[in-house]
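J.: Provided below are the primary sequence and the corresponding predicted coordinates.
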Amino acid sequence: MPPSSAEPPAASAANAARHVSIDEPRRDGRKDPNQNEQSPLLSPQDDEVDSLMARRESAIEDDDDEIDPFETTKSVWYLILLTISIGGLQIAWSVELSNGSPYLLSLGLSKSLMALVWIAGPLSGTLVQPYVGMLSDNCRISWGKRKPFMLVGAAATITSLLFLAWTREIVSGILGLFGAPADSDGVKTTIIVVAVLWVYILDFAINTVQAAIRAFILDCAPSHQQEAANSMASRITGVGNIVGYVAGFVNLPKIAWWLGKTQFQDLCAIASIALGVTVIITCILIPERDPRLEGPPPRDQPGVLSFFTKIFTSIKRLPPVTKRVCQVQFCAWVGFFPMLFYTSAYIGEIYVQPFLRNNPNMTPKELDELYERATRVGTFALLIYSITSLSTNVFLPFFIQPTYDAAPVVSADAPGEGPSVLANAKNANGSSRSWLDRLVIPGFTLRRAWMFSHILFAFSMGCTVLVESVEAATVLIGLVGITWALTLWAPWSLISSEISRRDAVLRAQQRRRGLTLDQPYDEDETPSSETSSGQLEVERDEQVADQAGIILGIHNMAIAAPQIIATVGSSIIFKFFQKPRGTPGDRSISIVMALGGITVLGAAWLVHRIDDDVAVPADELSGIMEAGASDGILTGGPPRPSLSQRTSFSSTRPSFSRSRNQSTESLSRYSQERAALVRASSFGGAEY
């Protein structure tokens, strides 16, 4: 080839040097940092680490424009503060589930109407959470797009709890001003109607704050810590469950007489305080991305009806893992619903059987006393179930192998954040693994644990028709706590990881195309050209199905809709198998729970079909950022590699490996040195 058509001599020499064997010493006499890297699994020498550490500060300063502070590794305290609000919400849930039915019955509501009241939960979950997710996705308030809905939803929940607990006093007091006797039928009927109305408002408010909290956790947790964040959320939820059940055991009117006159009033007051305090703590201490940097929201925001039309369209466009998880949840929650709502009654029926056989002619008063004791026994089984669930959430993560290498994409040296990759390089160099690392069971991923938990649930529910002792039944319910722990953790982690990964890729694409602004957008500004405006609108239309709020809303629909099916199915089974109260031999509840176990077994098969091989955010980002860097788009100057290239995780995907290998020649010397260093803490080795 003629010299004129070849590359410049300096570039040619540089490229030739890059292709020299790593065993060949450098001509300048200095040691190549990659010289000892004959295997991608080998670690750099100590002097190489020291050399890289010495140049760390200057290199990081050059990349400050590419560091995303929300992707730095967060501390345990950060995760606790991020998820603590869901614990306060769970206390409110436990109060409604454990004491709502007795309270409504005490007002005079019949059992036949009770099903119509409690259908408010799955109904509001199906309708409210997707819509709240869409509204929060399009929110552009400077202090966050999730926090407004967390605060408004928490305020509505607190108001509903307090008005529900004091419905009798409020309604009778208002009607008493007009001369209506408190014990009249009209006043009693009005009290029931108002209480049922507040139950529906409460469920809609709880689903509002729940949708916002779940999306907030997804947005604020780094991509590589989604499993850790959702694991922490499940632990906090378990703590909230136990606090709620323990508070139900205590005679609160004697201890906290200043909160209310009845047990239900005290519980609602405690739940209101817990929810308000935890939500305020999270909103104040945890920062959220400025949504104005995402650009203006879509101009044609849909109404309620058109939104749900788009929801069903988005269901068809769900990401693959999310779609599988929703299918699993739909099958699983048909079986979960009877367990959650009928466990205390199931344990109670087993408890009363010997008494009914010995004395089948009990008086109504004796039956009431017997079933009151049975309810306490059933509540104790629920407490054991909650303790098992919390213990699983605390200890099981130590044995779970991460779905992908859980190392930070960027270094993290800010207060409250984990140490950077370079700072931990010497700990990774060698065999000094911590004892916690040795607890991890190879191949025991979160997906497999989730699948085994469904099988355990199906086995336990199948045994409910066989056991006849309270102790054995309590053991079965305690085992189900393991399944519940994984249910609070695994699906949210899988979905959050996928959404977070896609969001990271999207932000990289926007940065490459110049769509991410350095300053909040101005609503008065217009696109520079019709082409750019049209391109932006088309891209936003393609991103609708990927918005976190909508995806989490669809996931909650997959949870709520089967509960309606389970309610109808349970009613039909009770119609044929239920015996009158006080009659021995009633096993209708165990039949419902056993049939629910069959559907959960189908959910286990669907979990088996979910792929464990989840792409790492840095893997996809490297391909996008390399393309932008090679064109000089991201840097505004000469082409250079992105930070994601320098801290990329290992990957087994050929496409990403090939793109990184092809771009090796365009990497700076520091980038190659840093890649070699990251190799020390990467499972498969960085494939540079």
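T.: That came in fine, so what should we check first?
J.: surely residue 117 meets residue 199?
T.: Yes - between residue 117 and residue 199 there is a contact under Cβ atoms under 8 Å: 5.7 Å. To be clear about C-beta, it is placed using only N, CA and C from the backbone, and glycine gets the same treatment.
J.: which residues do the two both contact?
T.: Common neighbours of residue 117 and residue 199 (criterion: Cβ atoms under 8 Å, 6 or more residues apart in numbering): residue 104.
J.: the lengthiest helix in the chain packs against which elements?
T.: Ranked by residue count under DSSP state H, the longest helix found in the chain is helix 320-358. Applying 3 or more Cβ pairs under 8 Å, 6 or more residues apart in numbering; DSSP states H and E, one finds that helix 320-358 makes contact with helix 364-395, helix 446-463, helix 470-487, helix 490-513, helix 548-577, helix 588-608.
J.: tabulate the ones you listed (TSV), appending distance to residue 258, mean pLDDT and mean neighbour count.
T.: Converted to TSV, the helices and strands packed on helix 320-358 look like this (distance: least, Cβ to Cβ, whole Å; pLDDT from 0 to 100; neighbours: other Cβ atoms under 10 Å):
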stretch	distance to residue 258	mean pLDDT	mean neighbour count
helix 364-395	25	83	17
helix 446-463	42	94	22
helix 470-487	34	93	22
helix 490-513	38	74	22
helix 548-577	37	82	20
helix 588-608	39	93	21
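J.: can I get those in a markdown table with distance to residue 251?
T.: Compiled in a markdown table, the helices and strands packed on helix 320-358 are given as follows (distance: least, Cβ to Cβ, whole Å):
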| stretch | distance to residue 251 |
| --- | --- |
| helix 364-395 | 13 |
| helix 446-463 | 33 |
| helix 470-487 | 23 |
| helix 490-513 | 36 |
| helix 548-577 | 33 |
| helix 588-608 | 29 |
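J.: hmm, back to that, more neighbours: residue 117 and residue 199, which one.
T.: Neighbour count, other Cβ atoms under 10 Å: between residue 117 and residue 199, residue 199 has more, with 21 against 18.
J.: shouldn't the more buried one be in contact with residue 100?
T.: Yes - Residue 199 lies in contact with residue 100 (Cβ under 8 Å); the separation is 7.0 Å.
J.: correct me if wrong: residue 86 contacts residue 236.
T.: Yes - taking contacts as Cβ under 8 Å, residue 86 lies within contact range of residue 236: 5.6 Å.
J.: quick one: which helix or strand includes residue 230?
T.: helix 226-249 (DSSP states H and E).
J.: surely residue 467 and residue 476 touch.
T.: Yes - with contact defined as Cβ under 8 Å, residue 467 counts as touching residue 476 (6.6 Å).
J.: number of residues surrounding residue 255?
T.: The number of residues near residue 255, taken as other Cβ under 10 Å, comes to 11.
J.: picking up where we left off before, of all the helices and strands packed on helix 320-358, which one is nearest residue 293?
T.: helix 490-513 (9.7 Å; Cβ to Cβ).
J.: domains for the chain, by residue range?
T.: 63-288, 311-410+440-517+541-614 (automatic domain parsing).
J.: how about JSON lines for those, with distance to residue 294 added?
T.: Listed next are the domains of the chain as JSON lines, based on distance: least, Cβ to Cβ, whole Å:
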{"stretch": "domain 63-288", "distance to residue 294": "8"}
{"stretch": "domain 311-410+440-517+541-614", "distance to residue 294": "8"}
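J.: pick out the shakiest of these, pLDDT-wise.
T.: Out of those, domain 311-410+440-517+541-614 stands lowest, with a mean of 82 (criterion: mean pLDDT).
J.: just checking, residue 602 touches residue 331?
T.: Yes - taking Cβ under 8 Å as the definition, residue 602 is a contact partner of residue 331 at 4.8 Å.
J.: residue 120 - how many residues pack around it?
T.: 17.
J.: just the one 3 residues further on next, same as before
T.: Counted by other Cβ under 10 Å, the residues lying close to residue 123 total 18.
J.: now swap in the one 5 residues further on and tell me
T.: If you count neighbours by other Cβ under 10 Å, residue 128 ends up with 22.
J.: what does residue 274 give?
T.: A total of 24 residues lie near residue 274 under the criterion other Cβ under 10 Å.
J.: just give the closest residue to it, not the sequence neighbours.
T.: residue 88 (4.3 Å; Cβ to Cβ, 6 or more residues apart in numbering).
J.: so what's the residue count around that neighbour?
T.: 27.
J.: what about it, which helix or strand?
T.: helix 76-106.
J.: packing partners for that helix?
T.: So helix 76-106, by 3+ Cβ pairs under 8 Å, 6+ apart, packs with helix 111-118, helix 147-165, helix 185-220, helix 226-249, helix 263-285.
J.: check which residues of that helix are buried.
T.: 78-101, 103-104 (16 or more other Cβ atoms under 10 Å).
J.: returning to what we had before: tell me which of the helices and strands packed on helix 76-106 sits nearest to residue 583.
T.: Comparing these by Cβ to Cβ, helix 111-118 comes nearest, at 16.1 Å.
J.: you'd agree residue 564 is up against residue 122?
T.: Yes - at 5.0 Å, residue 564 and residue 122 qualify as touching, with contact defined as Cβ under 8 Å.
J.: quick check: residue 165 vs residue 326, distance?
T.: Going from residue 165 to residue 326 by Cβ to Cβ, to the nearest Å gives 35 Å.
J.: the more surrounded of those two?
T.: Under the criterion of other Cβ under 10 Å, the comparison of residue 165 against residue 326 puts residue 165 first, with 28 against 21.
J.: next, count neighbours for residue 118.
T.: Residues near residue 118, counting by other Cβ under 10 Å: 19.
J.: give the contact list for it.
T.: Counting by Cβ under 8 Å, 6+ apart, residue 118 has contacts 100, 101, 341, 567.
J.: what's the answer for residue 108, then?
T.: With the criterion set at Cβ under 8 Å, 6+ apart, residue 108 makes contact with 188, 191, 192.
J.: if we go to 10 Å?
T.: For residue 108, the contacting residues are 185, 188, 189, 191, 192, 195, by Cβ atoms under 10 Å, 6 or more residues apart in numbering.
J.: please apply the same query to residue 451.
T.: 328, 445, 486, 490, 603, 604, 605, 606, 607, 608, 609, 610.
J.: tally of neighbours for the last one?
T.: Spelled out, it's residue 610. 21.
J.: which non-adjacent residue is nearest it?
T.: residue 324 (4.6 Å).
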